[in-house]
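> got a sequence here, can you model it:
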Amino acid sequence: MVHRLRIVGACALAAVAACSSELTAPDAAAPALALASATSDGGRTIVTESDVTRQPENTPPTDNWVLYTRPGTATGVFVSGPRHPPLGVGSFRMTTPLATDKVTLFNYDHIGTRLAAIDQIAYSTYRDPASTANPVQLPSINIEVDYNGAAPGGFTTLVFEPVYNPDQGPIQAGVWQEWDGDAGIWWSTRPINGVCAFTCYVSWDDIVAANPDAVILGGFGVNQGSGNGGLIAATDALTLGYSGETVIYDFEPFRSPSAKDDCKNGGWKDLRAADGSPFKNQGQCIKYVNETSRGR
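Sure thing, here's the model as predicted:
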């Protein structure tokens with residue numbers, strides 16, 4: 001069974017009157033939410049379309065997972081493939097035909113987490129060979145933070161882009177690539193301690209050292225934004241680790257059963273085999289679990 005924690009929004013939790021995908025910082029840091037969205041398998045958390053609420057850009061989040069799109073032609077879809085994703089059979093694909101398009105997939109389970117406690121940030125990307133965008137463009141990791149912690153003001157969005165991390169390898173098309181955010185270079189949408197807005201590229205460690213009270217204020221996720229006209233790309237294995245725990249978000253087009261109990265009480269109706277085929281009944285679902293378990 002999928003347990004989902006409905007929220008009024010990160011803003012309501014932080015007692016903020018107005019907030020959006022470009023949040024206004026609260027007077028006090030919001031409490032962290034329990035990791036209740038999606039289905040967890042150890043540190044791996046499967047996320048599908050059923051976990052996501054789709055909303056227009058610049059509206060307060062109403063769920064743990066929100067897919068924001070700017071009015072235009074951008075799309076975000078959970079798909080099978082492409083090729084062989086790092087986890088499972090699928091990924092989250094973003095398409096931005098126009099330079100003004102934008103699509104963002106944000107999770108709100110980590111509000112209140114201190115940046116200093118984070119020891120792992122990572123994701124994998126796939127640039128579709130059919131993309132006509134600049135060859136260095138890929139989806140980014142975005143984290144909405146308050147660098148003041150509980151003090152007034154201090155909101156910004158920290159952004160990790162592979163193009164500014166050439167030491168992690170050249171950007172390629174038609175292959176999955178893994179990127180290490182906590183060992184990488186970031187930029188900020190607003191000036192904060194040690195980082196100017198947009199054009200200063202600073203290591204994660206230096207950002208944390210210059211902003212010891214910084215906390216996650218809003219969304220953590222992936223973004224394909226302005227200036228990426230013609231980009232078709234997928235992401236998977238979005239990872240965040242802190243305080244001895246690590247969650248790896250596995251984007252999938254559907255869920256497959258991993259235990260017999262997943263099939264019971266009508267659960268088989270919402271599950272699929274690895275090839276995407278539905279189950280006819282509970283017995284077929286349990287048989288699938290038994291067969292796949294023997295094959296591990």
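
> residues in contact with stretch 257-273: which ones?
1, 41, 50, 254-256, 278-279, 281-282, 284-286, 288-290 (C-beta atoms under 8 Å, 6 or more residues apart in numbering). For glycine as for every other residue, the C-beta is placed from the backbone atoms N, C-alpha and C.

> so who does Val89 touch?
Contacts of Val89 (C-beta under 8 Å, 6+ apart): Ser80, Gly81, Glu252, Pro253, Ala274, Gly276.

> show me those that map onto strands.
Counted as lying in strands by DSSP state E, out of the contacts of Val89, are Ser80.

> compile the contacts of Val89 into JSON lines and extend it with columns for pLDDT, neighbour count and distance to Gly154.
Shown next, in JSON lines, are those (pLDDT from 0 to 100; neighbours: other C-beta atoms under 10 Å; distance: C-beta to C-beta, whole Å):
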{"residue": "Ser80", "pLDDT": "93", "neighbour count": "16", "distance to Gly154": "41"}
{"residue": "Gly81", "pLDDT": "94", "neighbour count": "13", "distance to Gly154": "40"}
{"residue": "Glu252", "pLDDT": "96", "neighbour count": "26", "distance to Gly154": "36"}
{"residue": "Pro253", "pLDDT": "95", "neighbour count": "19", "distance to Gly154": "38"}
{"residue": "Ala274", "pLDDT": "78", "neighbour count": "12", "distance to Gly154": "45"}
{"residue": "Gly276", "pLDDT": "81", "neighbour count": "12", "distance to Gly154": "45"}
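
> who's the residue nearest in space to the middle of the chain bridged to?
Nearest to the centroid of the C-alpha atoms of the chain, with distances taken as C-alpha atoms, centre = their mean, sits Gly221, at 3.0 Å. Following DSSP bridges, Gly221 is listed with bridge partners Phe106, Asn142.

> right, and it touches Thr235 too?
No - using C-beta atoms under 8 Å, Gly221 is not in contact with Thr235, being 9.1 Å away.

> domains in this structure, by residue range?
Domain assignment for the chain, taken from automatic domain parsing, gives 10-251, 260-294.

> tell me which of these is the most buried.
The highest mean neighbour count among those, using mean count of other C-beta atoms under 10 Å, belongs to domain 10-251: a mean of 19.

> coming back round to it: in helices only, show me the contacts of stretch 257-273.
Using DSSP state H, the subset of these located in helices is Gln282, Gln284, Cys285, Ile286, Tyr288, Val289, Asn290.

> so which pair among those residues is furthest apart in space?
Farthest pair in these (C-beta to C-beta) is Gln282 and Asn290. Separation: 12.7 Å.

> mind picking the lowest-pLDDT entry from the contacts of stretch 257-273?
Lowest pLDDT within the contacts of stretch 257-273 is found at Met1 (31).
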